[in-house]
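>>> Sequence isn't available, so here's the structure alone:
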């Protein structure tokens, strides 16, 4: 199976304002995961909002079957990996390739696969 976009997030200053804006604009529905994260519950590609981010660009997470093996491969190829994070939706980490491009890896929790 080819690896495809599996999850993405948008960084916003205020989660409630983002929910009001994008809910009205696109009809998105939300589920609060914790104080700094809202999951959008009615999109084909899973996504959410993170509070307090510094980037106005989407954070892209590529769906992988084994995040530990994929992170190890990133390092073998000359890239770096950030902290492994666990959430209700699965495990993720941010990576930087050997040219400085930042991507994310995401292994969905069983109920998200």
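Perfect, thanks for sending it. Keep in mind the model is a prediction, meaning the values are calculated, not measured.
>>> and the closest residue in space to residue 78 that isn't next to it in sequence, what is it in contact with?
The shortest distance from residue 78 to any residue that is not its chain neighbour, by CB to CB, 6 or more residues apart in numbering, is 3.7 Å, and that residue is residue 98. Where you see a C-beta, it was placed from the backbone N, CA and C, and this is true even at glycine. Contact analysis of residue 98 by CB atoms under 8 Å, 6 or more residues apart in numbering lists 77, 78, 79.
>>> List the buried residues for the host helix or strand of residue 33?
Mapping residue 33 onto the secondary structure by DSSP states H and E places it in strand 30-34. For strand 30-34, the buried set under the neighbour-count rule, 16 or more other CB atoms under 10 Å, comprises residue 30.
>>> Give me the helices and strands touching the helix or strand that that strand is followed by, please.
Stepping forward along the backbone from strand 30-34, the first helix or strand reached (DSSP H and E) is strand 37-40. Under the contact criterion of 3 or more CB pairs under 8 Å, 6 or more residues apart in numbering; DSSP states H and E, strand 37-40 touches helix 15-26, strand 30-34, strand 47-51.
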